[in-house]
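Peer 1: sequence and predicted structure below; questions after.
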Amino acid sequence: METIRIGRIEDFGERDRKVIAHGDVEIGVFRVDGEFYAWHNDCAHRGGPVCQGRLYGRVEEPVAEDGTVGALRYKPGSLNIVCPWHGYEYDIRTGVNQGHPALRLRKAEVQVTNGEVYVVL
């Protein structure tokens, strides 16, 4: 295994990311709510550059007890990354696809030591 330095903690703002290439591997490192998450830059759908997609809250459409539908809204506390190729959405914290839980992003190990952020390949 190889450890790659990504940068210092303060190099990342909230909801910031860095996508690094090392050989034929690309990894996206994200800072969300002060925590770091790292994913291989390959969408589980068709291999698109998912880590370069937009970050959005999960959209939900609430259904009332009488079956009426309310307005669309973002689910509080949720954050998805959306693949720019086909719009597949994944929870940025878990890597799970919102529509098909068997589809997941491949996790990369991220370590924070002495104020430095690393990815283990």
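Peer 2: Happy to help now that I have it.

Peer 1: tell me the confidence at residue 16?
Peer 2: Per-residue confidence (pLDDT) for residue 16: 95.

Peer 1: cool, the one 5 residues further on as well?
Peer 2: Among the per-residue scores, residue 21 holds a pLDDT of 95.

Peer 1: and the closest residue to residue 59 other than its chain neighbours, how many neighbours?
Peer 2: Sequence neighbours aside, residue 72 is the residue nearest to residue 59 in space, at 5.6 Å (criterion: Cβ to Cβ, 6 or more residues apart in numbering). From N, CA and C alone the C-beta is placed, and that goes for glycine too. Here the count is done by other Cβ atoms under 10 Å, and residue 72 has 9 residues near it.

Peer 1: need the contact list for residue 72.
Peer 2: Residues touching residue 72, when contacts are defined by Cβ atoms under 8 Å, 6 or more residues apart in numbering, comprise 59, 60, 61.

Peer 1: so of those residues, which ones are in strands?
Peer 2: Among those, the members falling in strands are 59, 60 (criterion: DSSP state E).

Peer 1: in stretch 93-106, which residues are buried?
Peer 2: Taking 16 or more other Cβ atoms under 10 Å as the basis for neighbour counts, the residues of stretch 93-106 that come out buried are 95, 96, 97, 98, 105.

Peer 1: fine by me, thanks again.
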